[in-house]
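# Next comes the sequence, and after it the predicted model I'd like to discuss.
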Number of protein chains: 2
Amino acid sequence: MPDHDDQSLEADVFARDCSSRSTLQTVTGRWGSLVLIALGESNYRFSALRRRVDGVSERMLSQTLQNLERDGMIVRTVLEAIPPKVEYHLTPLGRQVADRLQGLIDLVQDSMPTVREAQTEYDARRETKA
Amino acid sequence: MPDHDDQSLEADVFARDCSSRSTLQTVTGRWGSLVLIALGESNYRFSALRRRVDGVSERMLSQTLQNLERDGMIVRTVLEAIPPKVEYHLTPLGRQVADRLQGLIDLVQDSMPTVREAQTEYDARRETKA
């Protein structure tokens, strides 16, 4: 049996029905990752968070926050005020996840010169073929 | 100025038009992340990779591989054989990204008991409200 078929030691995140795959998608998804990173900087209210995460719609942000809250990554706190203020902050688990995401994002950002070089070469090869 | 509005020190990954946001999506996307982790285990040919990443369609895998290749994360090698064999492997950058992704996945998988507890509580609160 070739070793890449030996799944016994591997993460079950590869299995389509695994619940960890769904949680992974929640935290690495287009908006989930940015919301976690933003909340790693500071607590946010909904409207300020929407400004921070450029381009997210109200509906998508609301859905993303619900998913992150359900998975235990963030907490929604209602502050007593008139009108009541709702604030979001990371749980200890959310903090751990945000830290690892930040490491990944830092790597991607620091690597953008390499990425852009690869993109240019790839596009040039494509053009030659076309 | 509240500190969460100070974007000067922050990742520009928050900006909707930033190219690093697109690359981040490529590597953390539903299939991109699993493909990188799989190629972190071993080189793969297309059909074996498709078996490894449970649930991915041929079309989505093909698109994912093209995106990862374009961003300089993987290399596509044509091995001389009849018929020719095509194999995919990580670049040094892809390896670094895969390692960080693996760290994130390990954390998520190790935290699934906490996540499931949060989900149960969240769903119970929802039912009480309904």
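Cool, got the structure.

# any low-confidence regions in chain A?
Chain A contains residues with pLDDT under 70 at A:1-12, A:17, A:130.

# And the residue nearest the centre of it?
A:Ser33 (1.6 Å; C-alpha atoms, centre = their mean).

# I figured that one hits A:Gln102, correct?
No. With contact defined as C-beta atoms under 8 Å, A:Ser33 does not reach A:Gln102; the gap is 9.6 Å. To be clear about C-beta, it is placed using only N, CA and C from the backbone, and glycine gets the same treatment.

# what ranges do the strands span in chain A?
Remark: strands assigned in chain A by DSSP state E are A:44-45, A:74-79, A:85-90.

# can you put those strands in TSV and add mean neighbour count and distance to chain B?
TSV is the format used below for these (neighbours: other C-beta atoms under 10 Å in any protein chain shown; distance: least, C-beta to the nearest C-beta, whole Å):
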stretch	mean neighbour count	distance to chain B
strand A:44-45	18	6
strand A:74-79	14	10
strand A:85-90	17	11
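
# Let me have those strands in JSON lines, extended by distance to B:Arg125.
Shown next, in JSON lines, are the strands of chain A (distance: least, C-beta to C-beta, whole Å):
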{"stretch": "strand A:44-45", "distance to B:Arg125": "21"}
{"stretch": "strand A:74-79", "distance to B:Arg125": "11"}
{"stretch": "strand A:85-90", "distance to B:Arg125": "15"}
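
# follow-up on the earlier one: list the contacts for the residue nearest to the centre of chain A?
By C-beta atoms under 8 Å, 6 or more residues apart in numbering or on different chains, A:Ser33 lies in contact with A:27, A:101, A:105, B:24, B:28.

# Which among the strands of chain A is found nearest to B:Val97?
Closest approach to B:Val97 among the strands of chain A (C-beta to C-beta): strand A:85-90, 23.5 Å.
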